[in-house]
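# got a sequence here, can you model it:
(one chain, ligands or ions: 2)
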Amino acid sequence: MSKVAIELKDVTKSFDGNQILKGISGEIDEGQVLAIIGPSGSGKSTLLRAVNQLAGPTSGSVVFEGQDLTKVGKQSLNHLGEKIGMVFQSFNLFPNHTVLENVTLGPRRVKKLSEEQANQEAMHYLKQVGMAEKANAYPESLSGGQKQRVAIARALAMKPKVLFFDEPTSALDPENVGEVLKVIQQLAEEKRTMVIVTHEMNFARQVADKVWLMADGQIVEENDSKTLFTAPKEAITKRFIEQVS
Ligand code: ADP
Ligand code: MG
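Numbering: from 1, shown residues only. Ligands and ions are numbered 1, 2, ... in the order given. Predicted coordinates:
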């Protein structure tokens, strides 16, 4: 049995009285990859943001390392970024900083690393994602795939316990998708705890241990990835995976 990294209990989220997440319960296991799939607008991004407290839940709890994150103070939340790394569809690199600076800013500011130490660690992660030779380049000179690999190195440099990816390849040209998926695949092989929202069904099937199919603010189906993709139980899951793959 694997250990639970994050436990969600009846998480809801409303905007202006409009309930977007309708009671999400489930577990994210240590050392495993959870893929979240489902139609656009089903609440996948809202769920990630609720879990990492970028926009915390309206009700319910998110238990991480024995703490209910919905109940801890702002001070502890400021350090949450160190524990849950986030990679967005749109990279969100700082355009006026070099690749190396993009990776070292967080560790220097938050972890108070010296420049030398931060640079050394950053180069390690840039090597891991195959971007070391671009350390002194600016983001605008990079392809989307390269930018996303830098964004992954930046997240890794904070040494998070868990990594969240929100459609990490959706903004990429098709020829850049593979290089990013390969990096994520390698992280999965290192047994990192990851949650990946993706429309890449083949990838989800290969890399995920567990899959949640979300629709209309709920988890409609949960299963190990092999079962979910080969023998979906719900009609909506069948329709969705046929449509997207
Ligand atoms: P997905 O990531 O699955 O495509 P989202 O989580 O982005 O879905 O959105 C789910 C629903 O929540 C959508 O109807 C969206 O318009 C709504 N929503 C998301 N964020 C906000 C917000 N900040 N204010 C109001 N509505 C929001
Ligand atoms: Mg989304």
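
# residue nearest the centroid of the protein?
Closest to where the C-alpha atoms of the chain average out (Cα atoms, centre = their mean) is Phe164, at 1.5 Å.

# hang on, isn't it packed against Val195?
Yes: under the criterion of Cβ atoms under 8 Å, Phe164 lies in contact with Val195, with a separation of 4.9 Å. Just so you know, the C-beta spots here come from the backbone N, C-alpha and C atoms, and that holds for glycine as well.

# any common contacting residues for the two?
Leu48, Val51 (Cβ atoms under 8 Å, 6 or more residues apart in numbering).

# need the nearest residue in space to whichever residue of the chain sits closest to ligand 2, chain neighbours excluded.
Residue nearest to ligand 2 within the chain (Cβ to the ion): Ser45, separated by 3.2 Å. Nearest residue to Ser45, sequence neighbours excluded (Cβ to Cβ, 6 or more residues apart in numbering): Asp166, at 5.5 Å.

# so for that neighbour, what's the pLDDT?
In the prediction, the pLDDT value recorded for Asp166 is 98.

# after the top helix by length along the chain, which helix or strand is next?
With secondary structure taken from DSSP state H, the chain has its longest helix at helix 174-189. Sequence-wise, the next helix or strand downstream of helix 174-189 (DSSP states H and E) is strand 193-197.

# quick one: average pLDDT of the strand or helix carrying Leu48?
Of the helices and strands defined by DSSP H and E, Leu48 is found in helix 44-51. When pLDDT is averaged over helix 44-51, the result is 97.

# could you export it as CSV, CA atoms only?
Output of helix 44-51 as CSV, limited to C-alpha atoms (Å, rounded to 0.1, in the frame of the first residue of the first chain):
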residue,chain,number,x,y,z
LYS,A,44,-9.7,20.6,-13.5
SER,A,45,-7.7,23.9,-13.1
THR,A,46,-10.0,25.0,-10.4
LEU,A,47,-9.3,21.8,-8.5
LEU,A,48,-5.5,22.2,-8.8
ARG,A,49,-5.8,25.8,-7.6
ALA,A,50,-8.1,24.8,-4.7
VAL,A,51,-5.6,22.1,-3.6
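
# the next helix or strand after it vs helix 44-51, what angle?
Stepping forward along the backbone from helix 44-51, the first helix or strand reached (DSSP H and E) is strand 59-64. Between strand 59-64 and helix 44-51, the angle formed by their directions is 70 degrees, by axes from the mean of the first three to the mean of the last three Cα atoms, to 10 degrees.

# just the buried residues of stretch 216-231, please?
Taking 16 or more other Cβ atoms under 10 Å as the basis for neighbour counts, the residues of stretch 216-231 that come out buried are Gly217, Gln218, Ile219, Val220, Glu221, Glu222, Asn223, Ser225, Leu228, Phe229.

# which one among those gets closest to Gln186?
In terms of Cβ to Cβ, no member of the buried residues of stretch 216-231 lies closer to Gln186 than Ser225, at 17.8 Å.

# I figured the closest one hits Phe203, correct?
No: between Ser225 and Phe203 there is no contact, the gap being 10.3 Å when judged by Cβ under 8 Å.
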